[in-house]
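Q: how would this look folded up:
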Amino acid sequence: MTVVEAKERPAFHYGWVVVGVTFLTLLVTAGAMSTPGLLLVALQKDFGWSTATISTSVSLRLAVFGLMAPFSAALMLRFGLRKVMMVAVAVTASGIGLTALVTQAWQLDLLWGIVVGGGTGMTALVLGATVANAWFVERRGLVIGLMTASSASGQLLFLPLFAHISDVFGWRYLVILVACILL
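A: Okay, the predicted model is just below:
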């Protein structure tokens, strides 16, 4: 290989490593967010809670998730992607893992609604867009498409597995396992 040929070959762009890590983070987070549907019947059986009581936690999570996005973007710009992503995943994993200790409906609201909602809100599509804007100019659309696909694929990949685990081992084991996967 001549010197001219070596210069013509493009160097590896480290941004693709960042995309890969972010893709996996969003994939696992999306999979974790598919678990409330699996917990609905189990929580009704264990605690006698109504669908409305349990759904309040999920609705609260969605509201906090949406409200967190602008703050997440500001935090990423101020403290950096890596730190915010690590805190977000740790907060989400803590909220999901502590769900195994829930005995009252308000605890579920606090953990799934506020804690998990806040953690997942920090790893929402804002994360993918921030990665795309920070690392790419030419392939920005492709990167945003990959990040969007990771969110949809996470639910598709993990939901059947999580349903099986919940059926065989129970919902408490499932939430602890999901928290460990996130970490």
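
Q: secondary structure element for the spatially most central residue of the chain?
A: For the chain, T29 is the residue whose C-alpha lies nearest the centre (CA atoms, centre = their mean; 2.2 Å). Using DSSP states H and E, T29 sits within helix 15-33.

Q: helices and strands around that helix, which ones?
A: Helices and strands touching helix 15-33, by 3 or more CB pairs under 8 Å, 6 or more residues apart in numbering; DSSP states H and E, are helix 81-98, helix 117-122, helix 125-135, helix 140-169, helix 171-182. For every residue, glycine as well, the C-beta is placed using N, CA and C.

Q: which one of the ones you listed is the most hemmed in?
A: For the helices and strands packed on helix 15-33, the largest average neighbour count (mean count of other CB atoms under 10 Å) is found in helix 117-122, namely a mean of 24.

Q: ok, back up a step: of all the helices and strands packed on helix 15-33, which one comes closest to L24?
A: Ranking the helices and strands packed on helix 15-33 by proximity to L24 (CB to CB) places helix 140-169 first, at 7.7 Å.

Q: any idea of the mean pLDDT for the closest one?
A: Helix 140-169 shows a mean pLDDT of 88.

Q: Could you tell me which other helices and strands that helix packs against?
A: helix 15-33, helix 35-47, helix 125-135, helix 171-182.

Q: Can you say which of those is nearest to L60?
A: helix 35-47 (11.1 Å).

Q: Just the angle for that closest one relative to helix 171-182, thanks.
A: Interaxial angle of helix 35-47 relative to helix 171-182 (axes from the mean of the first three to the mean of the last three CA atoms, to 10 degrees): 150 degrees.

Q: other SSEs contacting the following helix or strand past helix 35-47?
A: From helix 35-47 onward toward the C-terminus, using DSSP H and E, the following helix or strand is helix 51-79. For helix 51-79, the packing partners by 3+ CB pairs under 8 Å, 6+ apart come out as helix 35-47, helix 81-98, helix 105-108, helix 117-122, helix 125-135.

Q: For the shortest one, C-alpha coordinates in CSV please.
A: Spelled out, it's helix 105-108. Extracted in CSV, the C-alpha atoms of helix 105-108 (Å, rounded to 0.1, in the frame of the first residue of the first chain):
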residue,chain,number,x,y,z
ALA,A,105,-49.7,1.7,45.6
TRP,A,106,-48.1,5.0,46.5
GLN,A,107,-44.7,3.2,46.4
LEU,A,108,-45.4,2.1,42.9
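
Q: And the average pLDDT for it is what?
A: Helix 105-108 shows a mean pLDDT of 95.

Q: One more: the fourth one?
A: Helix 117-122 shows a mean pLDDT of 90 in the predicted model.

Q: For V21, which of the helices and strands packed on helix 15-33 is the nearest?
A: Checking those against V21 by CB to CB gives helix 81-98 as the closest, at 8.2 Å.

Q: Quick check: mean pLDDT of that closest one?
A: Averaged across helix 81-98, pLDDT comes to 93.
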